[in-house]
Structure formats: C-alpha cells, structure tokens
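Novice: need coordinates for the following:
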Amino acid sequence: MVRKHHQIFLHSDIAVLNKMDIADAVGVDPQVIIGDYAKLTGGVKKIITASAKKGEGVDDVIAALGLLEA
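Specialist: Purely as a prediction, here's the structure:
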C-alpha cells in the first residue's frame, strides 16, 4: 500500500505489485496503486506487476534486479 507506507516506496529502487491474480477477489484496484506510485515517485521509478503463482511478470522482476543474463 503506497499510501500507507509511502516512505518505503519513496526510498526503494524497485517496486513489485505481486499477487495480481487475486486483486479482484480481495477488492484491490492495481491501477490505483500504480497511479499512487507514479505520483509519489514523479513517474521516474517503475513498478512491476506480477503473479508469481501464474509465472507472470517474474522475468521482469528478475531482469530489474539484474539477475538475468543479457
């Protein structure tokens, strides 16, 4: 939650919004979180959406952490 813990997000280099597969079930609108993050960081930092359970976005997270070979 960017609004609740904004200092953590402000001082981090990367943000990952995981569990995208259950967003609807728990009543979370990912676009609100993405928008909050963009406002907080001035749109300079990127937030990565992922669903580890489904394997979606995992490669993007790994690449952002510099763990994938080019």
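Novice: what ranges do the strands span in this structure?
Specialist: 15-17, 47-49 (DSSP state E).
Novice: paired strands for the last one, with orientation please.
Specialist: When pairing is defined by DSSP bridges, strand 47-49 lines up against strand 15-17 (parallel).
Novice: give me the mean pLDDT for the partner strand.
Specialist: Strand 15-17 comes out with an average pLDDT of 92.
Novice: list the buried ones in stretch 19-35?
Specialist: Using 16 or more other Cβ atoms under 10 Å as the test for burial, stretch 19-35 gives 19, 20, 23, 33, 34. From N, CA and C alone the C-beta is placed, and that goes for glycine too.
Novice: pull the CA atoms of that stretch into PDB?
Specialist: Listed next in PDB are the C-alpha coordinates belonging to stretch 19-35 (Å, rounded to 0.1, in the frame of the first residue of the first chain):
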ATOM      1  CA  LYS A  19      -0.500 -11.400  -6.500                       C
ATOM      2  CA  MET A  20      -2.200  -9.700  -9.500                       C
ATOM      3  CA  ASP A  21      -4.200 -12.900  -9.900                       C
ATOM      4  CA  ILE A  22      -6.200 -12.200  -6.700                       C
ATOM      5  CA  ALA A  23      -6.600  -8.500  -7.000                       C
ATOM      6  CA  ASP A  24     -10.300  -8.700  -7.900                       C
ATOM      7  CA  ALA A  25     -11.000 -11.300  -5.100                       C
ATOM      8  CA  VAL A  26      -9.600  -9.000  -2.400                       C
ATOM      9  CA  GLY A  27     -11.100  -5.800  -3.800                       C
ATOM     10  CA  VAL A  28      -7.800  -4.200  -4.900                       C
ATOM     11  CA  ASP A  29      -7.600  -2.000  -7.900                       C
ATOM     12  CA  PRO A  30      -4.000  -2.300  -9.200                       C
ATOM     13  CA  GLN A  31      -4.300   0.900 -11.300                       C
ATOM     14  CA  VAL A  32      -4.900   2.900  -8.100                       C
ATOM     15  CA  ILE A  33      -1.700   1.500  -6.600                       C
ATOM     16  CA  ILE A  34       0.200   2.100  -9.800                       C
ATOM     17  CA  GLY A  35      -1.100   5.600 -10.000                       C
END
